[in-house]
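*Asks:* Sequence and computational prediction follow.
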There are 4 protein chains.
Amino acid sequence: MKAMLSIADLERAARKRLPPSIYGYVIGGAEDESSLRANRSGFERWAFVPRPLVDVSKRSQETELFGRRYASPVGISPMGVTSLCRFDGDCAMARAAREVNVPFILSGASTTPLEKVASAYPGMWFQAYVPSKREVIGPLIQRVAAAGIETLVVTVDVPIASVREIEVRNGFSVPLRLSGRLVMGGLSRPRWMVETFARTLVQQGIPHFENFTATRGGPIITATSGDHRAGRAALCWDDMRWVRDQWKGKLVIKGILHPDDACNARNAGADGVIVSNHGGRQLDGAIAPIEALPSIVAAVPDMTVMVDSGFRRGTDVLKALALGARFVFVGRPAMYGLAVAGERGAVHALKLLQKEIDLNLALLGCPDTAGLSKAYLHCSSASGYSS
Amino acid sequence: MKAMLSIADLERAARKRLPPSIYGYVIGGAEDESSLRANRSGFERWAFVPRPLVDVSKRSQETELFGRRYASPVGISPMGVTSLCRFDGDCAMARAAREVNVPFILSGASTTPLEKVASAYPGMWFQAYVPSKREVIGPLIQRVAAAGIETLVVTVDVPIASVREIEVRNGFSVPLRLSGRLVMGGLSRPRWMVETFARTLVQQGIPHFENFTATRGGPIITATSGDHRAGRAALCWDDMRWVRDQWKGKLVIKGILHPDDACNARNAGADGVIVSNHGGRQLDGAIAPIEALPSIVAAVPDMTVMVDSGFRRGTDVLKALALGARFVFVGRPAMYGLAVAGERGAVHALKLLQKEIDLNLALLGCPDTAGLSKAYLHCSSASGYSS
Amino acid sequence: MKAMLSIADLERAARKRLPPSIYGYVIGGAEDESSLRANRSGFERWAFVPRPLVDVSKRSQETELFGRRYASPVGISPMGVTSLCRFDGDCAMARAAREVNVPFILSGASTTPLEKVASAYPGMWFQAYVPSKREVIGPLIQRVAAAGIETLVVTVDVPIASVREIEVRNGFSVPLRLSGRLVMGGLSRPRWMVETFARTLVQQGIPHFENFTATRGGPIITATSGDHRAGRAALCWDDMRWVRDQWKGKLVIKGILHPDDACNARNAGADGVIVSNHGGRQLDGAIAPIEALPSIVAAVPDMTVMVDSGFRRGTDVLKALALGARFVFVGRPAMYGLAVAGERGAVHALKLLQKEIDLNLALLGCPDTAGLSKAYLHCSSASGYSS
Amino acid sequence: MKAMLSIADLERAARKRLPPSIYGYVIGGAEDESSLRANRSGFERWAFVPRPLVDVSKRSQETELFGRRYASPVGISPMGVTSLCRFDGDCAMARAAREVNVPFILSGASTTPLEKVASAYPGMWFQAYVPSKREVIGPLIQRVAAAGIETLVVTVDVPIASVREIEVRNGFSVPLRLSGRLVMGGLSRPRWMVETFARTLVQQGIPHFENFTATRGGPIITATSGDHRAGRAALCWDDMRWVRDQWKGKLVIKGILHPDDACNARNAGADGVIVSNHGGRQLDGAIAPIEALPSIVAAVPDMTVMVDSGFRRGTDVLKALALGARFVFVGRPAMYGLAVAGERGAVHALKLLQKEIDLNLALLGCPDTAGLSKAYLHCSSASGYSS
Ligand SMILES: Cc1cc2nc3c(=O)[nH]c(=O)nc-3n(C[C@H](O)[C@H](O)[C@H](O)COP(=O)(O)O)c2cc1C
Ligand SMILES: Cc1cc2nc3c(=O)[nH]c(=O)nc-3n(C[C@H](O)[C@H](O)[C@H](O)COP(=O)(O)O)c2cc1C
Ligand SMILES: Cc1cc2nc3c(=O)[nH]c(=O)nc-3n(C[C@H](O)[C@H](O)[C@H](O)COP(=O)(O)O)c2cc1C
Ligand SMILES: Cc1cc2nc3c(=O)[nH]c(=O)nc-3n(C[C@H](O)[C@H](O)[C@H](O)COP(=O)(O)O)c2cc1C
């Protein structure tokens, strides 16, 4: 772990650890992956203007969010089927987030009953994929509330399944269908076969989608195909208002990119939004969240605006906060950590980012993330592109 | 076919199937190929701003054009000598378009009598290359009308032959002269030699240009050279007005890039224009149609403005429609499909694009192509370049 | 020759023909070669907006310049020591220009007496490198006038020698000092050794700079070093006014990049200027002429503004003319031709450009270069970079 | 030395001379090295507009700074632990600067007592790294004054240590801890082992940080780790005002990037600022000094504004002076020279830059650096990037 100096190091290590098809599933973006690239290049537009000779001996990145204080402004985005990357992935991720005291959002496409994960990290958030069927949403909301969860995230940018060609080529799909290619890929990573795949089958059986609805869903490994996303395409703002009525906790809408939709979310009674293009995995060509952020913040100045997609460095986080985000989430960085070393790896990923934030706050001359603002940024014309 | 997930896949497959000189003819652009590249990079300037929580369970890309309803807003651009890519290429292309119910424009440089192709797809359009000689145009128009064709496209961006150096280097020319290089290239693709070349010679004899004028033209394989484009350089707006008088059907001018010429076309009585730089095959350095489009749409808001050149993805189509185009055409994508698997391949190419349009309409939150507008786009500064 | 389809082809062929040190001398730019690259990339900023349906059956690129009609708007820039590239280079170049009827500017750093070259092409121009010593300039002007030359070009962007590291590394210098490296390089190109080097020594002896002053200069091959540029650094506008008084013919100042200097040139009585950064061989980082051109044309609308540096295609020429240049010159393209096939090669280079101009005038829909204007250009945001 | 035609040549040579870990320490930047790249690419935004026909036979780059006349406007930035690059590095550097008569700033992280270095170059400047402890600063200031030093530079952009991953990977740290990797690297450069490492140990013993405080600091080679930067994070403008009161000589603040901080520096009584991002070694993503420069010059027009970071060519220096800088400093270029050939190498680096400045002043048509202004620059759209 000590040799993993950056998220990029973890990414390289994950590549060696995971079967190609699973690694491809994690890393891939939609179609030509232009949003995936834009998510990274969007950060380069902004340069820092550091302010020295400010006392930065005490620095703080502690951030309050929905009435709770977190150790840092970077939490874990919801990601499906983490159990393919690591034995007991969902709980491991939850424990990691709990250990470093940041939010963890359990994906609706997860394979561990949310109640079990919530007992590992009672403060965790839950992300639901909901169809436009109130008879389905209602019981799910009750189940989530019964589990003691206080923050519900509804992801709205997956009305239907996008196509990630890298997955199709690798024979990967959710649910997973067993193909020769997939099996061969697994055999090339014997450690993963033993530690993750075999151990899961032996100790837990074939994982099922446990949290799409109020009741257990189908298995993630199957010989036939099917779309667990059915019904989601009809979901609309009316449904969100109904969800708002049913759900007593905090409500967050994930997948907002237009200022008008941030207003819609506020008007629908949401407590916050996550500006996200789903890590470049849905609509290819969708604007990078870091580019969409400023006008959204301007549109709903009083709302809790969070953001994810493409964050790999503490400095990326600082730029988003300076542009008005209240909180940042990361997906793949935590997944890389998880794949490499389970809970310990995910903790390492989060701590790397925290360390980078801490360090760069000092170098920026802004001792507290709360003090960040656009005044620390310069819209740059010099191009120092990340290689 | 199922392994062909994108137009790029078809392109790669076509490369393996066609003799290098023919592949070079299809793929190539003029001189330094800067327009060819700009046709692609022009799309990157625009990012999507998706709008979730809109009911997208029913989506429609059906589009009315000149009083007919098509299954999608993507038709097939006219391309010459398709018979070099596949046995009976013209009819195969026509049948493919008919099968998926989109417009097909038979090229004036085609080698199957237009009457025969029109009987394969009665609704097809015909594209004429016309010289400034009314005694030549007149009979051609009568022939086209007699064949029952309702839409006539006049291509105006080939006043003379451009130079595609890749073709010259490969010993390729239209008409085709037999050279050692050409023959060697053919031998390296035995399947093409048998299925396309030999079969054509045996079953149909040496192909001739059948549709340049009212009567049959010269053979496409010859030992001497000659320019079938003679006389075209003098063609001017006056001629177009005369054509308008003669032709009772719909009249479309293909190869417009300046807003003033869109106005000229409207004033000359044309029913529509195709904004096109001929796929980067004519004037190298000519503006990319996607870049020229907005000001043209603004200049002739009531006209049917169509566009081609560089479209490879459903998202490219969505961008053009959002910028005001009524319809999109593709050239090479259909040709790749044809080269790989004949009619079935061309159908596959068109269906791929339809599938991508359908999927991405959902992800964009715009259930109907008719609802697309500039509001879904953001002029982007982040660069997520297609690799 | 027929296989040489573009200037780029000639460049590749020249590389194979010339000893590396000489090729390096021709192709190289100053320091980091940023101006050299900018000279090319500057063209990409402009896209063409072609205008079809204009009668382009008769096209003309004939251009009047200083009262003489030339076959095309592209002449040959002055280049020193062409005799290193080809036997009797200066006369071969002159004959080539005469053959295609375009201006040829004999370099002041040439090794054939200007009288001899002028008898090969009586209409040729002469370019002088002058020191700020009137006792040197006066007699030179008289000599030039006595030779019947009507146009005098004074190059002003070489006040002192720039450093082209590629030359230093190759052991190349002017005058040429014999080094082991140089000799080895020559041996690797035996054809050049025989046809150019040996033939020159045998038939003409060691070449001398013949035209720096009114009398013969030093030999170009020497065992010692020295700077023939001495005294040039003091040259100033006062001297130019004095030159103007002495010289009765047309006076052109080469190496202007600032609008104010174009005004200065006009006020000093010059008949024309050549906007040039010396092909990127002098001040590295100097603005590309194609970028400097518009503001210069705007500053001296009534003056004959010519341009060189980086022109490799007919379309480059069209862009410059559209931006207001009256005439274009090329250096290296002619030199590549000369190196590859002597007079015939230089003719080929010029004809390639003429052919491209002719072809692209047709495709642009502008039958006469005189009709070109900014209306045919669009300042482009799509990037279709020359590879 | 004569084969070293540019700073880039020296860099390549240094790479061959130094153990990888030390070379990595010198060349590296923080995190993704985006500021390191931006430091170079920032220069490309500006093109020169040269002005010929100005008498440039006598050129001057002599520059007065704080009442002293220097031979050129390029001095040596402070760099720590030069003794790792060359035996007796600090004194060698000082002597080099003295020889060519430019300022040399001895780093506070140096390993030769400042008194000794000052006796090698009495006019040298001293750069202090100061903690916010007046009991530490006071005696240091007295010591510096007692050594007869007249200019004190306080570096303010290292409140804490940044992370340069290249160093961590190489097992490099300051103080240096002996690791297998480090030793192996040293063995691969036997010449360095003998001439630098062994010679230092034998003749001078293990180097210690001599100038962090008024008394000797710890050794630079140690088996344990520790941070000599402790206490610096609390340093603030109040401390600077106190320093100003204590220090009678010239006071320069190094590491300013915001116009407001330039004002703060002036208000705190500083005599000058060095606009710097520490060569891209501290906050990654910090704006390039060449980009920050213009607004800083505008903010404090009467102050002595100096600049460093990324200067590698004489033309870079000319651009900075034209944008309003009074003086330029270089770090790595001098270090490369030092590593390659000690004092002689550092002299060579400085002379290379002086020669380039001299040459390019002539080519620019501005005989005196004092005459440089923005009028010689053009904000360029053509991209001629350094390869
Ligand atoms: C492997 C993977 C699975 C994901 N699954 C979900 C999911 O189930 N629900 C969801 O809302 N987002 C999902 N996302 C998107 C993430 O929540 C998040 O928006 C995205 O990963 C952020 O981009 P980043 O990976 O660049 O940090 C997934 C992302 C990845 C990489
Ligand atoms: C092989 C080939 C042949 C073509 N022949 C014709 C033609 O005969 N008539 C015509 O109007 N356009 C012709 N075109 C241009 C196409 O109609 C269309 O404008 C272009 O292919 C669109 O660009 P795309 O290939 O990037 O989709 C041809 C294009 C190709 C690639
Ligand atoms: C090998 C070589 C020698 C040159 N010698 C001279 C010269 O003697 N006098 C002069 O005014 N320009 C000289 N130039 C500059 C050219 O006149 C012209 O400005 C430049 O080559 C134009 O750029 P291009 O080569 O990209 O066309 C020389 C250029 C080259 C390549
Ligand atoms: C190896 C190295 C050590 C450095 N040590 C110091 C230092 O001790 N104090 C300081 O103020 N700056 C230090 N710097 C920064 C330099 O003073 C200077 O700001 C930087 O090198 C300028 O960028 P350049 O190297 O691109 O010219 C160091 C830089 C390098 C490369």
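*Replies:* Yep, it's here. Ligands and ions are numbered 1, 2, ... in the order given.
*Asks:* show me where chain A has strands.
*Replies:* Taking DSSP state E as the test, the strands found in chain A are A:46-48, A:63-65, A:68-70, A:74-76, A:105-106, A:125-128, A:151-155, A:176-177, A:221-222, A:250-256, A:272-275, A:304-308, A:327-330, A:377-379.
*Asks:* And whichever residue of the stretch 151-300 of chain A sits closest to chain C, how far from B:Ala47?
*Replies:* Scanning the stretch 151-300 of chain A for the residue nearest chain C gives A:Gly285, at 15.4 Å (criterion: Cβ to the nearest Cβ). C-betas here are computed from N, CA, C, even on glycine. Look at A:Gly285 and B:Ala47: by Cβ to Cβ, to the nearest Å, they are 6 Å apart.
*Asks:* Just give me the residues shared between the contact sets of those two.
*Replies:* Listed as contacting both A:Gly285 and B:Ala47 by Cβ atoms under 8 Å, 6 or more residues apart in numbering or on different chains are A:Ser35.
*Asks:* low-scoring stretches of the stretch 101-250 of chain A, by residue?
*Replies:* Residue ranges of the stretch 101-250 of chain A with pLDDT under 70: A:178, A:222-230.
*Asks:* what about the nearest residue to A:Glu356 once chain neighbours are set aside, neighbour count?
*Replies:* Computed as Cβ to Cβ, 6 or more residues apart in numbering or on different chains, the closest residue to A:Glu356 that is not its neighbour in sequence is A:Gly314, at 2.6 Å. Applying other Cβ atoms under 10 Å in any protein chain shown, we find 26 residues neighbouring A:Gly314.
*Asks:* Could you list which residues are in contact with the residue lying farthest from the centre of chain A?
*Replies:* Relative to the C-alpha centroid of chain A, counting by Cα atoms, centre = their mean, A:Leu53 is the outermost residue, at 36.1 Å. Contacts for A:Leu53 (Cβ under 8 Å, 6+ apart) come out as A:365, D:156, D:235-237, D:239-240, D:261, D:264.
*Asks:* Same list, the strands of chain A, but as CSV with distance to A:Leu321 and mean neighbour count please.
*Replies:* Below are those laid out as CSV (distance: least, Cβ to Cβ, whole Å; neighbours: other Cβ atoms under 10 Å in any protein chain shown):
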stretch, distance to A:Leu321, mean neighbour count
strand A:46-48, 12, 26
strand A:63-65, 9, 17
strand A:68-70, 13, 14
strand A:74-76, 10, 29
strand A:105-106, 19, 29
strand A:125-128, 20, 25
strand A:151-155, 20, 26
strand A:176-177, 38, 18
strand A:221-222, 41, 16
strand A:250-256, 18, 25
strand A:272-275, 13, 27
strand A:304-308, 9, 24
strand A:327-330, 7, 26
strand A:377-379, 11, 16
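*Asks:* so can I have JSON lines of those showing distance to chain B?
*Replies:* JSON lines is the format used below for those (distance: least, Cβ to the nearest Cβ, whole Å):
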{"stretch": "strand A:46-48", "distance to chain B": "11"}
{"stretch": "strand A:63-65", "distance to chain B": "23"}
{"stretch": "strand A:68-70", "distance to chain B": "27"}
{"stretch": "strand A:74-76", "distance to chain B": "21"}
{"stretch": "strand A:105-106", "distance to chain B": "17"}
{"stretch": "strand A:125-128", "distance to chain B": "14"}
{"stretch": "strand A:151-155", "distance to chain B": "9"}
{"stretch": "strand A:176-177", "distance to chain B": "14"}
{"stretch": "strand A:221-222", "distance to chain B": "19"}
{"stretch": "strand A:250-256", "distance to chain B": "5"}
{"stretch": "strand A:272-275", "distance to chain B": "11"}
{"stretch": "strand A:304-308", "distance to chain B": "14"}
{"stretch": "strand A:327-330", "distance to chain B": "17"}
{"stretch": "strand A:377-379", "distance to chain B": "9"}
